[in-house]
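In: Structure for the following, please:
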Amino acid sequence: MAKKVEKRKEIKKKLLHKYRLVILNESTFEEKISFKLSRLNVFVTGSLFIIVLIGFTILLIAFTPLREYIPGYSSTKLKRQATELTYKTDSLVTVLNYTNKYLDNIRKVLRGDVENNPVNRDSLFEQFKVDPSSVDLTPIKQDSMLRAQVALEDKYNLFERDVHNIHLQLFPPVGGVISQNYDAEKKHYAVDVVAPRDTPVKAVADGTVIFSEWTAETGYVIILEHKNGLISVYKHNGSLNKEQGDFVRAGEVIASIGNTGEFTTGPHLHFELWRNGTPVNPMDYIDFK
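Out: Residues are numbered from 1 along each chain as shown. Here you go, the predicted structure:
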């Protein structure tokens, strides 16, 4: 027991034993600086220095761009770019899915593919109701000239219609004799209207031109997209007055009667109405007389 006590005293003595650290001038041996040290002081000072150094290093890595140079740490700029690219990718995927559905719908219209989706006639009427007070019936110069030109050909002129009944039917694209009715069993999803060549063909409702091109089978074709999934198709035209991307109003001239394409037997309009990829009978919504 006495040996242990003596050993502890000896260790304590060594730790507290004073040493003198002197810095001398090598030439003159003049004392410049001196420090009184003990082993305990050196140990405590060294430990504190190491702890401060470690803390400073951690702060330097955590709050400065220097951490980007340490292997294993990713760049903040790269993280931000990766996040932005992720959002952009999600947006592009959404747009791509919408575009694919849109193109599929147009492809069905051109090919005549049919889905068994029932269409509510009353809901279609409801979507195209127009407030008579919001209809501007003031004709411009071009409209007046057009009205004078086709007054004898088409009694359903936009400016002569009864605005109180405008919500009951879509605007007739052309007036004339029905040569072939809508017949889903024979896959004739249209109404063929015979009219003199170059008779103006008009838009049935406000919409945007989504297709205006020549096709071998149906000649000059123009397709309008209206609100709430309604699409109107005009085939075998003699000429087209509108281009893809144009916005048209109900009753505005978009084409003229012709006899173009392989599947035609004379000047007429092949007119189709589609709702969400499903054809509907135009006779239910339009009076072609």
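
In: Provide a list of residues in contact with residue 192.
Out: With contacts defined as Cβ atoms under 8 Å, 6 or more residues apart in numbering, the neighbours of residue 192 are 178, 179, 180, 268, 269, 270, 271. To be clear about C-beta, it is placed using only N, CA and C from the backbone, and glycine gets the same treatment.

In: Can you give me the distance of residue 209 to residue 255?
Out: 10 Å (Cβ to Cβ, to the nearest Å).

In: Compare the two and say which one has the larger neighbour count.
Out: residue 255 (26 against 20; other Cβ atoms under 10 Å).

In: which helices and strands sit right next to the helix or strand containing the more buried one?
Out: When elements are assigned from DSSP states H and E, residue 255 belongs to strand 253-257. The helices and strands touching strand 253-257, judged by 3 or more Cβ pairs under 8 Å, 6 or more residues apart in numbering; DSSP states H and E, are strand 200-202, strand 219-225, strand 230-240.

In: Of the contacts of residue 192, which is the nearest to residue 55?
Out: residue 271 (81.2 Å; Cβ to Cβ).

In: Report the backbone C-alpha coordinates of the helix or strand containing the closest one in PDB.
Out: Here residue 271 sits within strand 268-275, counting by DSSP H and E. Once non-C-alpha atoms are left out, strand 268-275 reads as follows in PDB (Å, rounded to 0.1, in the frame of the first residue of the first chain):
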ATOM      1  CA  HIS A 268     -69.100  18.100-101.300                       C
ATOM      2  CA  LEU A 269     -68.100  18.500 -97.600                       C
ATOM      3  CA  HIS A 270     -67.300  15.500 -95.500                       C
ATOM      4  CA  PHE A 271     -68.000  16.800 -92.000                       C
ATOM      5  CA  GLU A 272     -67.300  14.900 -88.800                       C
ATOM      6  CA  LEU A 273     -67.700  15.700 -85.100                       C
ATOM      7  CA  TRP A 274     -65.700  14.000 -82.400                       C
ATOM      8  CA  ARG A 275     -65.900  14.200 -78.600                       C
END
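
In: next SSE after it?
Out: Counting by DSSP H and E, what follows strand 268-275 is strand 278-280.

In: Mind giving me the packing neighbours of that following strand?
Out: Using 3+ Cβ pairs under 8 Å, 6+ apart: strand 278-280 touches strand 268-275.

In: Next, the angle from the strand it packs on to strand 253-257.
Out: Computed by axes from the mean of the first three to the mean of the last three Cα atoms, to 10 degrees, the angle separating strand 268-275 from strand 253-257 equals 140 degrees.

In: if we look at strand 268-275, which residues are touching it?
Out: 105, 108-109, 117, 119, 124, 170, 173-174, 176, 179, 189-195, 201, 204, 218, 229-237, 257, 259, 264, 279-282, 285.
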